[in-house]
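Q: My questions concern the predicted model and sequence given below.
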Amino acid sequence: MQEQEIIRLMKQRDEHGAEAFLQYYTPLLRYIIAPILPNEKDQEDCLSEISLRVWNNIGSYDPSRGSWTAWLTALGRNAALNHARQARHTAGEEALSDQIPARELTPEAAALLKEQQEALQRALQRLSPGEKQLLYRKYYYLQSTAQIAAELGTTERAVEGKLYRLKKRLRKWMGGEHHA
């Protein structure tokens, strides 16, 4: 079954669409959430939550804003991060933070943060697609160095070296832009 057919069936609330979605996209979603949620029970809970979110929010998918897999990937990653955060919270790791009021950013700090984010975006645009993909795998999708190395057919040491050089180059570019 094609991607467009699955989307159409799900928008029509046809259960065949949901079944096809689970069959075709569970491996992709598991690949995205596994580095964030190493516990298999947490993964299963998160997959159920993602499936429900896709079913309930299929109407918000807009192909003009990005591909179907990009939408699913972002939804899956965010759900896994929320699940991990909630698990830490219920385990009591964040109990203290509930009692401390949130610190508001001063206008100066907000402006500096925005400037840093823009500098990072400009620096990232200077990278090749492969270099960007490597950074996203490690720091956005939270994949282990071993997983990245295995999938790229290289060694962990080579991946670590590339990441080190990329971060060094980004720091140089951001530092140069920030002080210029």
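A: Perfect, I can see it now. Numbers count the residues shown, from 1 in each chain.

Q: Would you mind pulling the contact partners of stretch 14-24?
A: Contacting residues not belonging to stretch 14-24 are listed as 1, 5, 6, 7, 8, 9, 10, 11, 51, 54, 55 [Cβ atoms under 8 Å, 6 or more residues apart in numbering]. All C-beta atoms are positioned from the backbone trio N, CA, C, and that covers glycine.

Q: Run a quick neighbour tally on the last one.
A: The one in question is residue 55. Neighbourhood size, residue 55 [other Cβ atoms under 10 Å]: 14.

Q: Now do the contacts for it.
A: Counting by Cβ under 8 Å, 6+ apart, residue 55 has contacts 10, 18.

Q: With just CA atoms, put the stretch of helix or strand it belongs to into PDB.
A: According to DSSP states H and E, residue 55 maps onto helix 40-57. Taking Å, rounded to 0.1, in the frame of the first residue of the first chain, the C-alpha atoms of helix 40-57 are listed here in PDB:
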ATOM      1  CA  GLU A  40      11.200  -2.000  25.500                       C
ATOM      2  CA  LYS A  41       8.000  -1.400  27.600                       C
ATOM      3  CA  ASP A  42       8.500   2.300  27.300                       C
ATOM      4  CA  GLN A  43       9.000   1.900  23.500                       C
ATOM      5  CA  GLU A  44       5.700   0.000  23.200                       C
ATOM      6  CA  ASP A  45       3.800   2.500  25.300                       C
ATOM      7  CA  CYS A  46       5.300   5.300  23.200                       C
ATOM      8  CA  LEU A  47       4.500   3.600  19.900                       C
ATOM      9  CA  SER A  48       0.900   3.200  21.000                       C
ATOM     10  CA  GLU A  49       0.800   6.900  21.900                       C
ATOM     11  CA  ILE A  50       2.300   7.900  18.500                       C
ATOM     12  CA  SER A  51      -0.200   5.800  16.700                       C
ATOM     13  CA  LEU A  52      -3.000   7.400  18.500                       C
ATOM     14  CA  ARG A  53      -1.600  10.900  17.900                       C
ATOM     15  CA  VAL A  54      -1.200  10.100  14.100                       C
ATOM     16  CA  TRP A  55      -4.800   8.900  14.000                       C
ATOM     17  CA  ASN A  56      -6.200  11.900  15.900                       C
ATOM     18  CA  ASN A  57      -4.000  14.500  14.100                       C
END
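
Q: Show me what counts as buried in that helix.
A: For helix 40-57, the neighbour count (16 or more other Cβ atoms under 10 Å) marks 42, 43, 46, 47, 49, 50, 51, 53, 54 as buried.

Q: Of the contacts of stretch 14-24, which belong to strands?
A: Cross-referencing these against strands under DSSP state E gives no overlap.
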